[in-house]
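Enquirer: Give me a 3D structure for the following:
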Amino acid sequence: MTSMPKDRRGFLQRLLAIGTVAAAVPATTDAQTTAGSADASFLPSYARAQHHKSLRQSSYDTTGGNNDRWPIPAGGVQEVFKATGPGVITHIWFTIAAQSGDHLKEIVLRGYWDDNAKPSVEVPIGDFFGLNLGSYTIYQSQYLACSPGRSLNCYFSMPYKRAARFTVTNEGSREVGAFYSNIDYINVPRLPDDSQYFHAQYRQSAPSTPVTGTSPMLNPDGRQNYVYMETRGRGHLMGVTLGVLQNSNGWWGEGDDMIFVDDDAKPAIVGTGSEDYFLGSWNFGGRDGAIPFGHAMYGAPLIVNPERTGGQYCCYRWHGDNPVTFERSLKHTIEHGHANDRGDNFFSAAYWYQATPFTDFPPMPAVADRIPRVVTQGSSPARDHEQP
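Expert: Below is the predicted model of the structure:
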């Protein structure tokens, strides 16, 4: 047999080599190659090129010393953040040393978007961070946390198109000796057209007014419910924090949550009980078995003296998995007891996003009325700030 010509043998060897490679790596078209280079679904966002400028404003000592804090006298206002947009606040951290044991209720955090004269964030600083009864409780959630050392953290993203400004006001009668602040933010070339503004609103009812009547107690329309927040416009609800101070024995949480979406007459969402709304169950464990808990999207990190006069609860519920959307209006409420038959103290903050900066908030209650105290029969209650 004659030998195979060298050029033919070389051709076949090259062909076999190409076939082996082709079997190992499937051929791709030009279109597939282009698409593959653009598809980055397998990469987390932080592993890709970033297109913003990272910045921070803080209480650092501008002289280079170690006095990295602001003193705030009684009645004083401290600006903690001011920037022009477009930009996004990504993280807020505060820690406070104050003479007053009630400073979490006395200091008020206010935030203003796009040079508005009225705030879109207006909450006592403790309530804003989920410490609605004015005491520090260590917990961690998706958006808010309190760490050892009394450090307060917020991870709500807060975009602004033209400007942003935050202040803290010491409405107490004693000096805040040291207010430490770090606020991280980014500057961006532009924001998406559908970016929305962050809002946070404070409400309280101390005490709530119980509704009395003959059995069965019914509440189909929710008109006497406790109101977390009410707004007009387009946006979506992100959640609430709630502090409850009991004025009598028994379980405070038989109240259903009712959310009115684009219709003030009838709730679109109705729940099955207060502890159910906060994604617990069975009275959080009951009078003798309740255990504090805290998770990413829900929790009750403070439970003290449960189901007794003077009992304390701090709860939170986030709707980040399914924000409650509204086109024209939203009113978020909950019953205080079954059909509003209890008269406990409620203190809350509600958090939502809206297409425009909304500032039609109810007046902030006076400092003395914000301090939680048990109101039993015959005592002098604080003014009732529950909204109709």
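Enquirer: Which residue ranges of the stretch 51-200 of the chain form strands?
Expert: 53-58, 70-72, 77-84, 87-97, 107-113, 121-124, 139-140, 144-147, 151-154, 158-160, 163-170, 176-187, 197-205 (DSSP state E, counting those that start in this stretch).
Enquirer: Mind putting those strands into CSV with distance to residue 343 and mean pLDDT?
Expert: C-betas here are computed from N, CA, C, even on glycine. CSV is the format used below for the strands of the stretch 51-200 of the chain (distance: least, CB to CB, whole Å; pLDDT from 0 to 100):
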stretch, distance to residue 343, mean pLDDT
strand 53-58, 43, 97
strand 70-72, 35, 98
strand 77-84, 35, 98
strand 87-97, 32, 98
strand 107-113, 26, 98
strand 121-124, 22, 98
strand 139-140, 28, 98
strand 144-147, 28, 98
strand 151-154, 31, 98
strand 158-160, 36, 98
strand 163-170, 30, 98
strand 176-187, 33, 98
strand 197-205, 9, 98
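Enquirer: Dump the ones you listed into a markdown table; add distance to residue 285 and mean neighbour count as well.
Expert: A markdown table is the format used below for the strands of the stretch 51-200 of the chain (distance: least, CB to CB, whole Å; neighbours: other CB atoms under 10 Å):
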| stretch | distance to residue 285 | mean neighbour count |
| --- | --- | --- |
| strand 53-58 | 41 | 13 |
| strand 70-72 | 40 | 18 |
| strand 77-84 | 39 | 16 |
| strand 87-97 | 32 | 20 |
| strand 107-113 | 33 | 24 |
| strand 121-124 | 29 | 26 |
| strand 139-140 | 17 | 18 |
| strand 144-147 | 22 | 20 |
| strand 151-154 | 27 | 20 |
| strand 158-160 | 36 | 24 |
| strand 163-170 | 36 | 21 |
| strand 176-187 | 36 | 19 |
| strand 197-205 | 25 | 25 |
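Enquirer: now for those, which one comes closest to residue 340?
Expert: Closest to residue 340 of the strands of the stretch 51-200 of the chain is strand 197-205 (CB to CB; 10.4 Å).
Enquirer: Give the pairing partners of that closest one; include direction for each.
Expert: Sheet pairing for strand 197-205, assigned by DSSP bridges, gives strand 121-124 (parallel), strand 345-354 (antiparallel).
Enquirer: Which stretches in this structure count as helices?
Expert: 6-24, 30-38, 103-106, 125-128, 274-277, 367-370 (DSSP state H).
Enquirer: per-residue confidence averaged over the fourth one?
Expert: What it means is helix 125-128. The average pLDDT within helix 125-128 is 98.
Enquirer: Check stretch 373-386 too.
Expert: For stretch 373-386, the per-residue pLDDT averages 59.
Enquirer: Measure how buried residue 132 is and give me the count.
Expert: By other CB atoms under 10 Å, 34 other residues sit near residue 132.
Enquirer: gap between it and residue 326?
Expert: Separation of residue 132 from residue 326 (CB to CB, to the nearest Å): 24 Å.
Enquirer: Need the per-residue pLDDT for the nearest residue to residue 136 once chain neighbours are set aside.
Expert: Counting by CB to CB, 6 or more residues apart in numbering, residue 136 lies nearest to residue 150, which is 5.1 Å off, once chain neighbours are set aside. Residue 150 carries a pLDDT score of 96 in this model.
Enquirer: Can you name the residues bridging to the residue nearest to residue 151 when sequence neighbours are not counted?
Expert: Nearest non-adjacent residue to residue 151, counting by CB to CB, 6+ apart: residue 95, 4.6 Å away. Bridge pairing for residue 95 (DSSP bridges) gives the partners residue 151, residue 180.
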